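# This is a predicted model, with the sequence first.
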Amino acid sequence: MLRAAFITLSESRSIRSAAEKTWLGQRLSRRFVAGTTVDDALAATAAMNQLGLGVSVDNLGENVTNADEARHSAQLYHQMLDRMSSQGLNANVSLKLTHMGLDVDEAIAYEIASGVVEHATRLNNFVRVDMEGSPYTQRTLDFVHRLHSQPGNAGHVGAVIQAYLFRSEKDVEQLIAARIRVRLCKGAYKEPPEIAFEKKSDVDANYIKLMKLLLKSGVYHGIATHDENMIRATIAFAQQEKIASSAFEFQMLYGIRRDLQEKLVKEGWRCRVYIPFGTEWYPYLMRRLAERPANAIFILKNLFR
């Protein structure tokens with residue numbers, strides 16, 4: 001019920017408009033979003049690097065309505081890639097295809113996304129193509145496979161797989177076969193029971209199954225979770241299979257479970273923090289709460305610290 005409520009809230013334009021103007025909303029955005037500018041995001045990145053954490057930076061936004069918006073969004077990614085390189089930061093970028101114009105024109109979106117990936121390749125960096133709701137799943141994976149197959153791009157672009165979808169095991173197998181890097185998460189969109197697991201226990205079981213496939217593939221993947229049960233299962237499997245700690249990484253969100261992020265690094269595991277920035281923080285935060293409603297309790301406990 002909580003998950004459905006947060007997803008509904010993420011889609012409400014009126015509540016979003018009101019929330020973004022309140023003191024509480026602004027405080028929330030400062031706690032879990034690294035400001036509104038590239039400077040803000042890169043300052044947060046440098047601070048995470050000092051703690052031994054890698055970073056993936058995302059300019060918040062999706063579903064742009066014209067090509068000019070999409071090209072402007074891409075320019076921020078080009079700027080970030082150059083500055084990450086010049087500052088020697090341990091960081092890459094994450095982007096959504098609807099932010100690159102997928103709803104406007106697929107050819108334009110591919111041109112724009114391809115330009116960002118080619119830029120990252122020249123700098124020996126990496127682009128994560130984020131996953132959106134199920135209407136975009138196949139198109140997003142098609143884009144990633146196509147981008148990855150372009151000369152020089154292999155290893156510089158990756159996908160996201162959502163464990164709550166029935167189709168994900170097959171998608172993982174195809175991505176592994178192409179040696180494409182995957183970020184594995186549970187999923188944070190409202191999906192019909194015909195295509196997605198509804199029970200948390202079923203999602204968890206599928207997550208662990210997919211995690212094992214990924215870790216045994218020999219490709220460098222990201223295990224994205226704050227769920228300590230999933231983290232323990234991953235560590236236990238890696239140790240059992242003698243998979244090196246350098247062969248994969250855990251991934252977590254900026255501002256959530258900082259203690260756990262630092263603990264993993266101290267224990268010798270790699271961890272990357274997903275740092276969002278920009279003004280469109282409200283739908284992002286609601287979907288993160290939908291992904292794991294227990295985060296709501298954590299946020300309330302830590303809001304005034």
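Here it is on my side, so go on. Numbering: from 1, shown residues only.
# For the helix or strand containing residue 239, list every residue counted as buried.
Assigned by DSSP states H and E, residue 239 belongs to helix 228-240. Within helix 228-240, the residues that count as buried by 16 or more other C-beta atoms under 10 Å are 230, 231, 233, 234, 235, 238. Every C-beta, even on glycine, is put in place using the N, C-alpha and C of the backbone.
# now stretch 72-81
73, 74, 76, 77, 80, 81.
# The last one reaches residue 124, doesn't it?
I take that to be residue 81. No - counting by C-beta atoms under 8 Å, residue 124 is not a contact partner of residue 81; they are 10.5 Å apart.
# Quick one: the strands in the stretch 51-200 of the chain, in order.
Taking DSSP state E, counting those that start in this stretch to define them, one finds strands in the stretch 51-200 of the chain at 54-59, 91-95, 127-129, 157-162, 182-185.
# my guess is residue 31 meets residue 255, correct?
Yes - Residue 31 lies in contact with residue 255 (C-beta under 8 Å); the separation is 5.2 Å.
# if you count what's nearby, which of those two comes out ahead?
Neighbours around residue 31 and residue 255, counted as other C-beta atoms under 10 Å, are more numerous at residue 255. The numbers are 21 against 15.
# any idea how far the more buried one is from residue 36?
Look at residue 255 and residue 36: by C-beta to C-beta, to the nearest Å, they are 15 Å apart.
# got it, and residue 141?
For residue 141 relative to residue 36 (C-beta to C-beta), the value is 31 Å.
# Same question for residue 279.
5 Å.
# Any regions of the stretch 51-200 of the chain where pLDDT drops low?
For the stretch 51-200 of the chain, no stretch has pLDDT under 70.
# helices and strands around the helix ranked longest in the chain, which ones?
Longest among the helix segments of the chain by residue count, using DSSP state H, is helix 67-87. For helix 67-87, the packing partners by 3 or more C-beta pairs under 8 Å, 6 or more residues apart in numbering; DSSP states H and E come out as helix 38-50, strand 54-59, strand 91-95, helix 106-122.
# Run the chain-centre distance for the third one.
Taking C-alpha atoms, centre = their mean, to the nearest Å, the mean C-alpha location of strand 91-95 is offset from the chain mean by 9 Å.
# Given that strand, what are its sheet partners and their directions?
Applying DSSP bridges to the sheet, strand 91-95 is found paired with strand 54-59 (parallel), strand 127-129 (parallel).
# Quick one: mean pLDDT over stretch 231-243.
Stretch 231-243 comes out with an average pLDDT of 98.
# Run a quick check on residue 196 versus residue 187, I expect a contact.
Yes - the pair residue 196 and residue 187 passes the contact test of C-beta under 8 Å, sitting 7.1 Å apart.
# shared neighbours of the two, anything?
Common neighbours of residue 196 and residue 187 (criterion: C-beta atoms under 8 Å, 6 or more residues apart in numbering): 164, 165.
# okay, the angle between the longest helix of the chain and strand 54-59?
Orientation note: helix 67-87 sits at an angle of 150 degrees relative to strand 54-59 (axes from the mean of the first three to the mean of the last three C-alpha atoms, to 10 degrees).
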